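okay, here's the prediction I keep looking at, along with the sequence it came from:
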Amino acid sequence: MAWWKRFFKKKTEPVEEDDWEQLVYTRNGVNFEEEDQRKRYIVNCLEQIAEASREIDLLTGEYTLVTSYLTDMEEIEALPAQQRGEINRTAGKISALEQERSKYREKKNRMKDADYYAIRKREDEIEEGIQKIREGEKYGNLVRQDLHRLDGERHAYEYRRNELENLMNNQRGMAVIFLTALIVCVIMLAVLQFAFEMDTYVGYFLAVGAGAVAISYVCIKYMDSDRELQRVEKTINKLIQLQNKVKIRYVNNCQLMEYLYLKYNTDSAARLEKLWKMYQDEKEERKQFAEAEAKIEYYQKQLVEQLSNYRVQMPERWIGQTAALLDKREMVEIRHELIQRRQALRKQMDYNQEVAETARNEVKDVAAAYPRYAKEILSMVERYDR
């Protein structure tokens with residue numbers, strides 16, 4: 001008689017649209033007594049944990065690199081005055097030579113010095129950065145399309161669910177009307193039979209028959225709608241689970257693109273590629289200044305050797321950061337940029353840790369709610385942990 005209870009169930013409120021960054025766990029429509037549905041739900045949670053763990057592993061290396069850069073800055077700033085003076089003199093010679101070269105170049109320079117040196121700092125990784133940003137932009141568009149498509153499908157099923165609930169409410173009302181009409185007819189026939197001594201047996205037969213047919217028809221339609229409603233709810237649940245996977249990819253990609261744009265000081269792959277081509281032309285033109293370049297190279301090597309005498313992990317990085325060695329304000333700006341990059345990485349790592357922890361707690365909750373399947377769930381978790 002489960003359908004009869006659903007027959008008189010009140011209409012539920014429609015589910016509000018979720019934010020793309022917020023994961024939704026719902027067990028509505030999931031029958032944990034069925035092995036296939038139970039395993040599919042647990043596997044979905046474990047896949048979220050695995051994907052979040054992979055993202056954390058990828059981010060850890062970059063986070064360590066940025067942290068080492070900040071550590072080098074602290075080590076340089078903590079040097080005694082004499083040693084720091086030697087480094088500053090070398091950095092000053094490099095800076096002076098670069099200024100002379102810049103003055104000569106200003107007459108026909110087609111590229112801003114800021115853009116040139118910004119590209120130069122990451123010359124070895126710009127092409128890789130362009131490729132990463134281009135792939136990230138392309139992937140982001142695909143993910144957004146998937147989210148829009150999933151949202152559209154989910155809204156369509158939610159609209160159908162509301163239709164079915166309204167239809168079932170109408171069918172309940174029709175059943176009540178038919179039942180009331182049948183009772184009224186029986187009462188009228190009884191009055192005619194007993195008060196006026198009329199033969200009403202045919203009327204009883206017709207009234208009861210018509211009422212039975214009408215109510216049976218409504219009940220059959222109601223049960224059909226109820227079965228379809230269950231299918232719709234299961235489909236909505238599957239779409240939500242799929243959205244969760246896509247949302248994780250969407251958030252990770254957005255945060256990755258935010259970090260790459262910040263790292264390469266750009267807003268698109270097209271702009272960075274344009275700057276890169278301009279830089280290559282600029283670099284070719286500057287080959288004519290061989291003498292100045294040779295002097296700069298000499299002092300750069302001297303600067304690396306000087307920094308190598310101290311606990312600077314990667315002294316080569318400071319070749320293009322002489323302004324920061326000479327000007328505290330420049331050093332503060334670079335530190336601020338590095339802190340922003342590290343915060344962006346930490347934000348992404350924290351998000352993935354939260355995703356993994358939330359999915360892990362969901363698996364624990366399911367195991368606690370269904371203890372007879374706890375051993376099976378634990379076995380699935382162990383297989384994924386290998």
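Okay, I see it.

for stretch 303-318, what is the distance to the chain centroid?
The chain centre lies 39 Å from the centre of stretch 303-318; the measure is Cα atoms, centre = their mean, to the nearest Å.

ok, stretch 203-223 next?
54 Å.

for the residue lying farthest from the centre of the chain, which three-state class applies?
Within the chain, the residue lying farthest from the chain centre (Cα atoms, centre = their mean) is Glu197, at 79.0 Å. What DSSP: H, G, I helix; E, B strand; the rest coil gives for Glu197 is coil.

ok, it to Val191 distance?
Glu197 sits 11 Å away from Val191, going by Cβ to Cβ, to the nearest Å. Bear in mind the C-beta positions are built from the backbone N, C-alpha and C, glycine included.

for Glu305, same thing?
116 Å.

same thing with Ala50?
75 Å.

hang on, the earlier thing: contacting residues around the residue farthest from the centre of the chain?
With contact set as Cβ atoms under 8 Å, 6 or more residues apart in numbering, Glu197 has no partners.

low-confidence ranges in the stretch 251-386 of the chain?
The stretch 251-386 of the chain contains residues with pLDDT under 70 at 286-288, 290, 384-386.

how does it look with 80?
Across the stretch 251-386 of the chain, residues meeting the criterion (pLDDT under 80) sit at 282-293, 367, 369-370, 373-374, 377-379, 381-386.

would you map the helices across the stretch 201-350 of the chain?
For the stretch 201-350 of the chain, the helices defined by DSSP state H, counting those that start in this stretch cover 201-264, 269-285, 290-308, 322-326, 328-369.

looking at those, which is buried most?
Most buried of the helices of the stretch 201-350 of the chain, by mean neighbour count (mean count of other Cβ atoms under 10 Å): helix 322-326, with a mean of 20.

can you give the contact residues for it?
Contacts of helix 322-326 (Cβ under 8 Å, 6+ apart): 73, 76, 87-88, 91-92, 94-95, 98, 303, 318, 330-331, 333-334.

make JSON lines from the helices of the stretch 201-350 of the chain and add distance to Glu165 to it.
Shown next, in JSON lines, are the helices of the stretch 201-350 of the chain (distance: least, Cβ to Cβ, whole Å):
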{"stretch": "helix 201-264", "distance to Glu165": "7"}
{"stretch": "helix 269-285", "distance to Glu165": "48"}
{"stretch": "helix 290-308", "distance to Glu165": "71"}
{"stretch": "helix 322-326", "distance to Glu165": "65"}
{"stretch": "helix 328-369", "distance to Glu165": "27"}
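
looking at those helices, which is nearest to Leu147?
helix 201-264 (5.6 Å; Cβ to Cβ).

how far does that closest one sit from the chain's center?
25 Å.

helices or strands next to that helix in the packing?
Helix 201-264 makes packing contacts with helix 2-7, helix 35-77, helix 123-195, helix 328-369 when contacts are defined by 3 or more Cβ pairs under 8 Å, 6 or more residues apart in numbering; DSSP states H and E.

any chance of a markdown table for these, columns distance to Asp281?
Shown next, in a markdown table, are the helices and strands packed on helix 201-264 (distance: least, Cβ to Cβ, whole Å):
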| stretch | distance to Asp281 |
| --- | --- |
| helix 2-7 | 73 |
| helix 35-77 | 30 |
| helix 123-195 | 14 |
| helix 328-369 | 27 |
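
where among the ones you listed is average confidence lowest?
The minimum mean pLDDT among the helices and strands packed on helix 201-264 belongs to helix 2-7 (a mean of 36).

before we move on, the earlier item: closest one to Leu378 among the helices and strands packed on helix 201-264?
helix 328-369 (7.1 Å).

which helices and strands does that closest one pack with?
Short answer (3+ Cβ pairs under 8 Å, 6+ apart): helix 328-369 packs on helix 35-77, helix 201-264, helix 322-326, helix 374-385.

got the CA coordinates for the shortest one in CSV?
Coordinates of the C-alpha atoms in helix 322-326 are reproduced here as CSV (Å, rounded to 0.1, in the frame of the first residue of the first chain):
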residue,chain,number,x,y,z
THR,A,322,68.4,43.0,-9.1
ALA,A,323,66.0,45.9,-8.6
ALA,A,324,64.5,44.0,-5.7
LEU,A,325,68.0,43.6,-4.2
LEU,A,326,68.6,47.3,-4.5
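
now do the same contact list for Tyr69.
Here Tyr69 is in contact with 314, 317, 338 (Cβ under 8 Å, 6+ apart).

let's see that with 7 Å instead.
317, 338 (Cβ atoms under 7 Å, 6 or more residues apart in numbering).

and it, how far from Tyr259?
Per Cβ to Cβ, Tyr69 is found 15 Å from Tyr259.
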